[in-house]
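Novice: Sequence and predicted structure, then a few things I'm wondering about:
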Amino acid sequence: ELYYRDFRRTSTYSFQFVSQLCRLSQQTIGDALLTLQSTAHITFTLLSKELFLQQTQLSIQQFQSSTINDFLFIFDFIQSTTHANGLLSNTMTNYQLRLISFLDFLDYHLTTQPSQYNQGNCTCDNPTKCFELSAIYNSNFSIQFQVTGFYLGCYLTDSLLQSTLECFYSQQCLKQIQFYYSSTNYNITPLNSTLKTISLVCLSS
């Protein structure tokens, strides 16, 4: 069985989360466009071409700003709610369950222990600042390969915000990842080098 921090295990959840972010961003943009299309521009006096263009440009800027703020509000709400509730991640990346015995193994208590990252220099007591490069491990839990620019931390939201996805723009890096998968019957193509952010990757999907 794969180590719980192994990229081959955790990346499934990471990519699912990125996919959900893409859908959320596209839905936010779609809702904003519907609102914009139903908005009328009415004036009591005839506008000059220059003034009309200025007001139109201002409306576009306000639309872009408000749409971004709407998306960030939803994302921040998800992130803050997760942190505030101290939810146990289903990936087990923020807390480890420990079974402690008492009275000569007659009594047991299930406890949680914060996960450690960055060679033990941080714990998930402070989840927003605790992460390390995602990696592929061998059966002895030793690192075989680190995935450049892809981070793992207490919560997917925090680690993905730190990630650059740069490995997925590199054919060589993708070949290294594919080497450690048991199945090689599929081709992985690098991301478009002009799409340097998750938001642009979402829009292109």
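Specialist: Structure's in. What do you need? Numbering: from 1, shown residues only.
Novice: Find the centremost residue of this protein, please.
Specialist: Central residue of the chain (CA atoms, centre = their mean): Leu160, 3.5 Å from the mean position.
Novice: quick one: what helix or strand has that one in it?
Specialist: helix 156-162 (DSSP states H and E).
Novice: Can you give me the pLDDT of the closest residue in space to Tyr4 that isn't next to it in sequence?
Specialist: Excluding the flanking residues, the one nearest Tyr4 by CB to CB, 6 or more residues apart in numbering is Met92, at 5.1 Å. Using the backbone N, CA and C atoms, a C-beta is placed for each residue, glycine as well. On pLDDT, Met92 comes in at 85.
Novice: Compute the number of surrounding residues for Met92.
Specialist: The number of residues packed near Met92 is 14, by other CB atoms under 10 Å.
Novice: confidence score at Cys202?
Specialist: 55.
Novice: Also Phe131?
Specialist: At Phe131, the model reports a pLDDT of 88.
Novice: Backbone dihedrals for it, please?
Specialist: phi -160, psi 170 (degrees, to the nearest 10).
Novice: residues touching it, list them.
Specialist: Phe131 makes contact with Tyr117, Asn118, Tyr151, Leu152, Gly153, Cys154, Asp158, Ser159, Gln162 under the criterion CB atoms under 8 Å, 6 or more residues apart in numbering.
Novice: PyMOL command to pick out the buried ones of the residues you listed?
Specialist: Here is the PyMOL selection string for the buried members of the contacts of Phe131, based on 16 or more other CB atoms under 10 Å:
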select buried, resi 117+151+152+153+154+158+159+162
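Novice: isn't Pro190 right next to Glu166, touching?
Specialist: No: if you go by CB atoms under 8 Å, Pro190 and Glu166 don't touch, sitting 10.2 Å apart.
Novice: And stretch 79-90, what's buried?
Specialist: Counting neighbours by 16+ other CB under 10 Å, one finds that the buried residues in stretch 79-90 are Gln79, Thr82, His83, Ser89.
Novice: Could you tell me the end-to-end distance of that stretch?
Specialist: 16 Å (CA to CA, to the nearest Å).
Novice: switch to numbering from 448
Specialist: Happy to do that; since the first residue is 448 now, the last one works out to stretch 526-537.
Novice: Tyr460 and Tyr602, how far apart?
Specialist: 11 Å (CB to CB, to the nearest Å).
Novice: Ile635 too?
Specialist: Where Tyr602 is concerned, Ile635 sits at a distance of 26 Å (CB to CB).
Novice: Please identify which of these two sits among more neighbours.
Specialist: Counted by other CB under 10 Å, Ile635 and Tyr602 do not tie: Tyr602 has more neighbours, with 23 against 12.
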